[in-house]
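Novice: below is the sequence, then the predicted model.
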Amino acid sequence: MDIKKILLTGNRGFIGKHLYDNFEKNGYQVNTLEMDYLIDPFWKPKLYNKVKMSDIIFHVGAISDTKLQDSGTMLFYNYEFSRVLIDYAYELNKKIVYSSSAANAGSGDGIPNNIYGWSKLLTENYGIAKGGGFVALRYFNVYGPGEEEKGDMASIAYQAYKNKKIKLFPLKPTRDFVYIEDVVNSNLQSFDAPTGVYEVGTGESNTFETLIDNMGIKYTYTSEDKIPSWYQFYTKADKNKFLPGWYPEYNIKRGTKLYKKYLNERYDK
């Protein structure tokens, strides 16, 4: 695929910033679009023109707050906007690489635990049903340099480092923790990927205790009644569903070692 012009949504976010820098470094012309764009009452025709002028779309932008209970807001930004974008891409024969989430799968039963997960699953299903060049990348728990501005949605690794301690939920829930560089590489590998839904993780499920121990941070526990009803207790990427030609380079030991080094150099001067 001859690619020169990329439309990137969510370029100011954690993953979007990494993709923007990488695309520019590799000589692509990057056109960007952020959430405040939707305030414009004429956003649809303007979006159409942005899609028309692009060779490929990387749709990263979304509300990522898994705690948000306002379904109207969540579904408008994460589904309705995505649906319109997918329709335009289909009409203009443009490929979309969509940043999805392991929140779609709930705790392994395929049923999302929260509104955020449903918004991502609905978009995935719509893109696949529409046909054309639609690729969904299901990210698992992403961590690494650049997530400092995510606030409560930043990884437990960052929150623990920032506060020098952390309170974990009991019962030892586990996650597939994936380093940001692997996420970026999965996007770079997706230019020529066939239509489908692919999982982006390590293929390993680790406890939060393992993650925090690797970061060298102390932790205590909350009580069980503090665990939200929508909480996801288990995630693990299926290696058989990885993107063709892509494989993670950073397991939890290597990823946390690099991340701790980055944080120490940046904040403990």
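Specialist: Yep, that arrived.

Novice: I'd say Y262 and P145 touch.
Specialist: Yes. Using CB atoms under 8 Å, Y262 is in contact with P145, at 4.8 Å. Bear in mind the C-beta positions are built from the backbone N, C-alpha and C, glycine included.

Novice: of the two, which one has the most company?
Specialist: Set Y262 next to P145 and count neighbours by other CB atoms under 10 Å: P145 wins out with 18 against 14.

Novice: could you report the pLDDT at that one?
Specialist: pLDDT recorded at P145 is 96.

Novice: measure it to E181 for me?
Specialist: From P145 across to E181, the span is 9 Å (CB to CB, to the nearest Å).

Novice: show me where the stretch 101-250 of the chain has helices.
Specialist: 115-130, 156-163, 180-188, 208-215 (DSSP state H, counting those that start in this stretch).

Novice: for V200, find the nearest of the ones you listed.
Specialist: Nearest to V200 among the helices of the stretch 101-250 of the chain is helix 180-188; the distance by CB to CB comes to 4.6 Å.

Novice: how far off centre is that closest one?
Specialist: 10 Å (CA atoms, centre = their mean, to the nearest Å).

Novice: same check on stretch 240-256?
Specialist: Counting by CA atoms, centre = their mean, stretch 240-256 comes out at 15 Å from the chain centroid.

Novice: ditto for stretch 132-140
Specialist: 11 Å.

Novice: do stretch 179-191 as well
Specialist: With CA atoms, centre = their mean as the basis, stretch 179-191 stands 11 Å off its chain's centre.

Novice: quick one: average pLDDT of it?
Specialist: Mean predicted lDDT for stretch 179-191 stands at 97.

Novice: before we move on, what about stretch 43-59?
Specialist: pLDDT averaged over stretch 43-59 gives 95.

Novice: burial count for the nearest residue to N93 once chain neighbours are set aside?
Specialist: In space, N93 comes closest to G132 once its chain neighbours are excluded; the distance is 7.0 Å by CB to CB, 6 or more residues apart in numbering. Using other CB under 10 Å, G132 has 16 neighbouring residues.

Novice: please apply the same query to F242.
Specialist: Neighbours of F242 (other CB under 10 Å): 18.

Novice: quick check: phi and psi on it?
Specialist: F242 adopts backbone torsions of phi -70, psi 160, taken as degrees, to the nearest 10.

Novice: next one: it relative to K94, how far apart?
Specialist: Relative to K94, and taking CB to CB, F242 is found at 24 Å.

Novice: next one: E149
Specialist: 30 Å.

Novice: neighbour count: those two, which is higher?
Specialist: Using other CB under 10 Å as the criterion, E149 and K94 rank with K94 on top: 20 against 11.

Novice: what ranges do the strands span in the stretch 101-250 of the chain?
Specialist: Ranges of strands within the stretch 101-250 of the chain are 134-139, 141-143, 165-168, 174-175, 177-179, 196-200, 206-207, 218-221, based on DSSP state E, counting those that start in this stretch.

Novice: so which of those strands is the most packed in?
Specialist: strand 177-179 (a mean of 27; mean count of other CB atoms under 10 Å).

Novice: quick one: L85 and I96 touch, right?
Specialist: Yes. If you go by CB under 8 Å, L85 and I96 touch, sitting 7.1 Å apart.

Novice: so who does D238 touch?
Specialist: E199, G203 (CB atoms under 8 Å, 6 or more residues apart in numbering).

Novice: count of residues packed around D182?
Specialist: Other residues close to D182 by other CB under 10 Å number 22.
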